[in-house]
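S.K.: Kindly return the folded structure for what I paste below:
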Amino acid sequence: MIIDLLWLILGAATFIQITYLLFIYGKLSFQYRETRKTTLDHNQEGVSIIIAAHNEEENLRKLIPLLFQQNYPLFEVLIINDRSTDGTRLLLAELMKEFPPLRTVTVEYTPEHVTAKKYALTLGIKVAKYDVLLLTDADCIPVSENWAMRMTSPIRNNQKIFSLGYGGYHKAKGFLNALIQYETWFTAIQYFSFALWKAPFMGVGRNLAYRRQYFMDQKAFKDLWQVLGGDDDLYVNKHAKKNNTAVVIHPEAITRSIPKTTFKEYYLQKTRHYQAGKYYKTTDKAKIGLYAISHLFFWATAIALISITQKWEPIVVIVSIIVTRALLQFSTFDRAIKKIEGQKKVLWIMFFDLMYLSYFWIIGAKGYLSKTVRWK
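M.R.: Numbering: from 1, shown residues only. Presented below is the predicted three-dimensional model:
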């Protein structure tokens, strides 16, 4: 009886996993056709590049000169100096002399009823010069001079409100960096795929664009002020719709951030991200959760059946199912990552698929239950 139940669960979990890998995530991997050629940009309205920074002097010293190398005719860079105690204020004063389109807003304190980054971003967005906003973080570097043009094109030329981009991490040696790369790819595959299915549910603040007027009309982060984090994914989750959101999947539209170098730092970062996830719409939590739960049941029942089965024939069947899913997952992820990154071969996907299983349920549960996470 128990064995029959385990087989039934394994079959259902396998069906769900294959459906996601082949059809849902396959929307990006197998159906999406990227446009590599630079198209004529008819509408070149101004763009405000906005960055909230708290004690980011060294990162801003590198980033700001690079931003002013963007191949776009009309833009400003607006830095919100959020309660910094390092040399950020002096650095910005120095750089404003060198780069006249650079503007700053200084936040001296944060009211008790709001979270710091949302408050800082709101102050900056209110005084932004242009209606098209392009957001990133102080430790992010655009990979090309066409980043601003690519990321804002759907808003300027196709009447979209939101433009979702990919925020990757710099590659380094070591197990932790490989895990970070895998998790970042998988997250991007999820939100790009659902957005392509006209069901957007999140974006990342490392690379996100939207209309300033829409932000103001929606009263900024209304109903989100008390939530720790979520200035990017929760804002998109609340307001992105099938007709007002576009994805930008192009090697020139990527930003890269400095990855965490210790497991403690990474743990705190992901706890913050998962903490915001509990405020997603119920349907969006179901979309993500169905894959995660079927993933857990797939491995749990497969391992349980192998351990209790006495005959080799069922073991061969189970191993065949595992191998089939692994090959499909490799094909789906490999194709998707090539489109997101431009080129990439990921030969260790199977290993990190198992790592992600424990990582998701342990850190995800901690983040979901946490009430003490903060930005900086």
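
S.K.: Could you check how far the one helix or strand residue 273 maps to is from the centre of its chain?
M.R.: In this structure, residue 273 sits in helix 263-277 according to DSSP states H and E. When C-alpha coordinates are averaged (C-alpha atoms, centre = their mean, to the nearest Å), helix 263-277 and its chain have centres 13 Å apart.

S.K.: just checking, what packs against it?
M.R.: helix 175-196, helix 233-239, helix 349-369 (3 or more C-beta pairs under 8 Å, 6 or more residues apart in numbering; DSSP states H and E). Glycine gets a C-beta too; all of them are placed from N, C-alpha and C.

S.K.: Tell me where this structure has helices.
M.R.: 2-19, 26, 57-67, 88-98, 116-126, 147-158, 175-196, 212-217, 233-239, 263-277, 282-308, 312-341, 349-369 (DSSP state H).

S.K.: for the second one, what is the average pLDDT?
M.R.: By that I understand helix 26. In this model, helix 26 has a mean pLDDT of 96.

S.K.: residues touching the residue nearest to residue 153 when sequence neighbours are not counted, list them.
M.R.: The shortest distance from residue 153 to any residue other than its chain neighbours is 6.5 Å, reached at residue 41 (C-beta to C-beta, 6 or more residues apart in numbering). Listed by C-beta atoms under 8 Å, 6 or more residues apart in numbering, the contact partners of residue 41 are 149, 153, 156-157.

S.K.: Contacts for stretch 232-243 next, please.
M.R.: Judged by C-beta under 8 Å, 6+ apart, the contacts made with stretch 232-243 from elsewhere in the structure are 135, 161-162, 164, 195, 198-205, 208, 214, 218, 221, 223-224, 227, 245, 273, 276-277, 279-281, 284.

S.K.: first to last residue in that stretch, what's the distance?
M.R.: Distance between the two ends of stretch 232-243: 19 Å, counting by C-alpha to C-alpha, to the nearest Å.

S.K.: buried stuff in that stretch?
M.R.: Applying a neighbour-count criterion of 16 or more other C-beta atoms under 10 Å, one finds 232-240 buried in stretch 232-243.

S.K.: So residue 184 sits against residue 169, correct?
M.R.: Yes. Using C-beta atoms under 8 Å, residue 184 is in contact with residue 169, at 5.8 Å.

S.K.: Excluding chain neighbours, what is closest to the most centrally placed residue in the chain?
M.R.: For the chain, the residue nearest the mean C-alpha position is residue 204 (3.8 Å; C-alpha atoms, centre = their mean). Excluding the flanking residues, the one nearest residue 204 by C-beta to C-beta, 6+ apart is residue 167, at 4.6 Å.

S.K.: Could you give the number of residues near that neighbour?
M.R.: The tally of other residues near residue 167 (other C-beta atoms under 10 Å) stands at 21.

S.K.: Adding distance to residue 71, write the helices and strands packed on helix 263-277 out as CSV.
M.R.: Conversion of these to CSV gives the following (distance: least, C-beta to C-beta, whole Å):
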stretch, distance to residue 71
helix 175-196, 24
helix 233-239, 26
helix 349-369, 35
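
S.K.: wait, which of the ones you listed is closest to residue 259?
M.R.: In terms of C-beta to C-beta, the element of these nearest to residue 259 is helix 175-196, at 4.9 Å.

S.K.: Which elements pack onto that closest one?
M.R.: In terms of contacts (3+ C-beta pairs under 8 Å, 6+ apart), helix 175-196 is packed against strand 162-164, strand 167-169, strand 245-247, helix 263-277, helix 312-341, helix 349-369.
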